[in-house]
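could you look at this predicted model? Sequence included:
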Amino acid sequence: MNKRYKVPTHIATQDKILFGLTARQLLVLLCGTALAYQIWLIAYPLGLEHVGLFGVIVHLLLCLPPILLSLGLAFFSVADRSLEVWLLIALRYRQQPKRYAWCSVKRVPLVPSQPPSQRLGMQHPLANTEDAQQHLPEEVL
């Protein structure tokens, strides 16, 4: 009567979409090749294709960095983290301050030790009367 269920064991692996590439890898490679093609089109009006083999080599050298960067981002990982995660970590580290300066903070008591009239340099309005001198404490006067 025991029922057996097949439990999937490859839940953490990404699905392969096209040519054995995951969606992330395919998107990174497409962006890199699109950028390389855009650089090729921008360099076309320079007239390098009329120079011959030298012009083609210059075109390829201009298009090589985005292709290599996209290949690195798509296929390489260090410590089970992709290179774009490491680039974000490096950017965050670069933006954080490296030195911290200590400065003391003057603590202000919650309850003032003097009445407001003395703190503000004012005199109590009844201070000059005889009745006030008899009934008010000396620190208020």
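Perfect, I can see it now.

name the element the residue nearest the centre of the chain belongs to?
Among the residues of the chain, the one closest to the centroid is Arg92, at 5.1 Å (CA atoms, centre = their mean). Assigned by DSSP states H and E, Arg92 falls within helix 83-95.

residues of that helix that come out buried?
Buried residues in helix 83-95, defined by neighbour count with 16 or more other CB atoms under 10 Å: Leu83. All C-beta spots, glycine's among them, are computed from the backbone N, C-alpha and C.

counting contacts, what elements does it pack onto?
helix 53-75 (3 or more CB pairs under 8 Å, 6 or more residues apart in numbering; DSSP states H and E).

pLDDT averaged over the helix it packs on - what is it?
Helix 53-75 carries an average pLDDT of 87.

what's the first helix or strand after that helix?
Taking DSSP H and E, what comes next after helix 53-75 is strand 77-78.

who does that following strand pair up with?
strand 81-82 (antiparallel) (DSSP bridges).

contacts made by stretch 30-40 with the rest, please.
His59, Leu62, Cys63, Leu64, Pro66, Ile67, Leu69, Ser70, Leu71, Leu73, Ala74 (CB atoms under 8 Å, 6 or more residues apart in numbering).

name only those of these that count as buried.
His59, Leu62, Cys63, Pro66, Ile67, Leu69, Ser70, Leu73, Ala74.

for Gln95, give its distance to Val85.
Gln95 is 16 Å from Val85, where distance means CB to CB, to the nearest Å.

many thanks, have a good one.
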